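Colleague: Fold the stuff below for me.
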Amino acid sequence: MATNISSAKPDYAHRSSSKPSPNAYWPTIALRLSRLGCSKVFVPACGKKELYTHADNPWILRCGRLNHCAWEGHVKEIYTDLFEHWSNRFPSVEQHPHAAADAYLQYARGFDLKLIQGWYTQEHYYDAQRQIGSATVRFTVGDTFWERLIDQPERLSKKAKF
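Modeller: Numbers count the residues shown, from 1 in each chain. Below is the predicted model of the structure:
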């Protein structure tokens, strides 16, 4: 019987009212994998209990059967809940109002925040017709802006707004 990976709850003890540390997000994945034991999680391609990851590259999951399966996949493929609602996982606080935007850019897109600090803001988009909203990362582009929806963008008809 397969382990229900969505039922293993990560430890959010690393959360605080201050800016998240650069390594605050990936240990959640490592913690979830260690609690389940990678050998208890089925590899999507071959169905064997051989899933593992490296500590220095924890966002890539691999099958341990390199000669037979050799499946590799991004952690987003298995742990989608970690990437769906950034503003819930990294709530804005007075000391760090762009927490969700920073986390999204750093952990989902791989940006070094020191290089792009000040280029963006965290905003909010609301679709009045559907009565749903999303946190956004907004970049000023000339006289206008580009905005990326970061909280469950699949609910809305588009992921970006110009």
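Colleague: Please verify my assumption that Arg155 contacts Tyr125.
Modeller: No. In this structure Arg155 lies outside contact range of Tyr125 using CB atoms under 8 Å: 11.3 Å. All C-beta spots, glycine's among them, are computed from the backbone N, C-alpha and C.
Colleague: which neighbours do these two share?
Modeller: Ser134 (CB atoms under 8 Å, 6 or more residues apart in numbering).
Colleague: Show me which residues of stretch 122-132 are buried.
Modeller: 122, 125 (16 or more other CB atoms under 10 Å).
Colleague: end to end, how far does it reach?
Modeller: 17 Å (CA to CA, to the nearest Å).
Colleague: mind listing the helices for the protein?
Modeller: 26-36, 75-78, 86-89, 99-103, 113-116 (DSSP state H).
Colleague: Now stretch 131-147: average pLDDT?
Modeller: Stretch 131-147 comes out with an average pLDDT of 91.
Colleague: Return the list of strands paired to the longest strand along the chain, each annotated with direction.
Modeller: The single longest strand within the chain, with elements called by DSSP state E, is strand 132-141. Using DSSP bridges, the strands paired with strand 132-141 are strand 120-127 (antiparallel), strand 144-149 (antiparallel).
Colleague: For Gln122, list the residues it contacts.
Modeller: Contact analysis of Gln122 by CB under 8 Å, 6+ apart lists 92, 97-102, 135-138.
Colleague: Does it have any beta-bridge partners, and if so which?
Modeller: Applying DSSP bridges, one finds that Gln122 bridges with Val137.
Colleague: Show me what the longest strand of the chain is in contact with.
Modeller: Outside strand 132-141, the residues that reach it (CB under 8 Å, 6+ apart) are 86-87, 100-101, 104-105, 119-127, 145-153, 155-156, 161.
Colleague: buried set for that strand?
Modeller: By neighbour count on 16+ other CB under 10 Å, the buried set for strand 132-141 is 133-138.
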